[in-house]
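Student: One predicted model, sequence on top.
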Amino acid sequence: MIQLTTFSEIEVIEQILKGEKSLLENIIRKYNPELYKIGRAYNYNHEDTQDLMQDTFIDAYKNLAKFENRSSFKTWIIRIMLNNCFHKKQKSAFKNEISNSINENSIPMYSKSNTDISHTVHNRHLASIIEDAVSKIPYEYRIVFSLREMNGLNVAETSDVLNISETNVKARLSRAKMMLKKEIEKKYSVTELFDFNLVYCNAMVDNVMSKINSL
């Protein structure tokens, strides 16, 4: 199987468009964690998030020819996931969250070291506290926090995905960090939040590929 480490993402996408459906597995495995974090940041539970992820991968496959490489594929597929989350929220008649005032000051809160999650997270109670704290942040701050700190998008990419100014991105991120500061200890990496377990990743790959192969 062609691997993203050997060929560029664009080359893999080109092969998928030529009929190599099996190569989509590379894309699914790569973006499972990012999409999962988006769904959870939208306050959907594990099962609903999985459904939204599956819909997003299928939508991405159906519209792959429309990807023009003007922005990164990552921001493109995240935008699809956000749209699916938004539409599900509308259909479910969830309440819109009220925006709070924002602070323009941006204070670094997390280190960027790539620590091994399995060696870092041992306290399930703390993990529960962190997830609960993130879920209580108003959506407009929570989603910026998710995109910037949990999914690694830069300010420009986040601005593009959410269609807000870069200034607003910075301000909302700062506000989100202030809301979380009392709940999250700095020694814990933010990338530990809402990680998509490999067991679920394999199931997602199987489910999506099964549906795509039937198209």
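Tutor: Right, received. Where do you want to start?
Student: Lowest average confidence across helices and strands of this structure, where is it?
Tutor: helix 117-120 (a mean of 40; mean pLDDT, DSSP states H and E).
Student: domains of the chain?
Tutor: 9-95+197-213, 117-192 (automatic domain parsing).
Student: roughly how far apart are residue 162 and residue 141?
Tutor: 11 Å (Cβ to Cβ, to the nearest Å). Backbone N, C-alpha and C define where each C-beta goes, glycine included.
Student: Those two: which has the busier surroundings?
Tutor: Higher neighbour count among residue 162 and residue 141: residue 141, with 24 against 19, using other Cβ atoms under 10 Å.
Student: Find the helix or strand that that one is a member of.
Tutor: Secondary structure from DSSP states H and E places residue 141 in helix 139-145.
Student: and what of residue 39?
Tutor: In this assignment (DSSP H and E), residue 39 forms part of helix 24-41.
Student: Work out the gap between the next helix or strand after that helix and the centre of the chain.
Tutor: Per DSSP H and E, the first helix or strand lying C-terminal to helix 24-41 is helix 46-62. The chain centroid and the centroid of helix 46-62 are separated by 12 Å, computed with Cα atoms, centre = their mean, to the nearest Å.
Student: How about stretch 34-53?
Tutor: Computed by Cα atoms, centre = their mean, the chain-centroid distance of stretch 34-53 equals 8 Å.
Student: Identify each buried residue in that stretch, please.
Tutor: For stretch 34-53, a neighbour-count test (16 or more other Cβ atoms under 10 Å) marks 34-44, 48-50, 52-53 as buried.
Student: Same check on stretch 142-156?
Tutor: Neighbour-count burial for stretch 142-156, with 16+ other Cβ under 10 Å as criterion, is recorded at 142-151, 153, 155.
Student: same deal with stretch 171-180?
Tutor: So for stretch 171-180, counting by 16+ other Cβ under 10 Å, buried means 171-177, 179-180.
Student: do stretch 65-80 as well
Tutor: Buried, per 16+ other Cβ under 10 Å, within stretch 65-80: 73-80.
Student: gap between the two ends of that stretch?
Tutor: 14 Å (Cα to Cα, to the nearest Å).
Student: if you average pLDDT over it, what comes out?
Tutor: Averaged over stretch 65-80, pLDDT sits at 89.
Student: next one: that stretch to chain centre, how far?
Tutor: The answer for stretch 65-80 is 14 Å, by Cα atoms, centre = their mean.
Student: Could you list the residues in contact with that stretch?
Tutor: Around stretch 65-80, the neighbours that count as contacts under Cβ atoms under 8 Å, 6 or more residues apart in numbering are 9-10, 13, 17, 27, 31, 34-35, 38, 56, 59-60, 63, 147, 151, 153, 157, 160-161.
Student: What segments of this protein are helices?
Tutor: 9-17, 24-41, 46-62, 73-91, 117-120, 124-135, 139-145, 155-162, 166-180, 198-213 (DSSP state H).
Student: which one of those has the lowest average pLDDT?
Tutor: Mean pLDDT is lowest for helix 117-120 out of the helices of the chain, coming in at a mean of 40.
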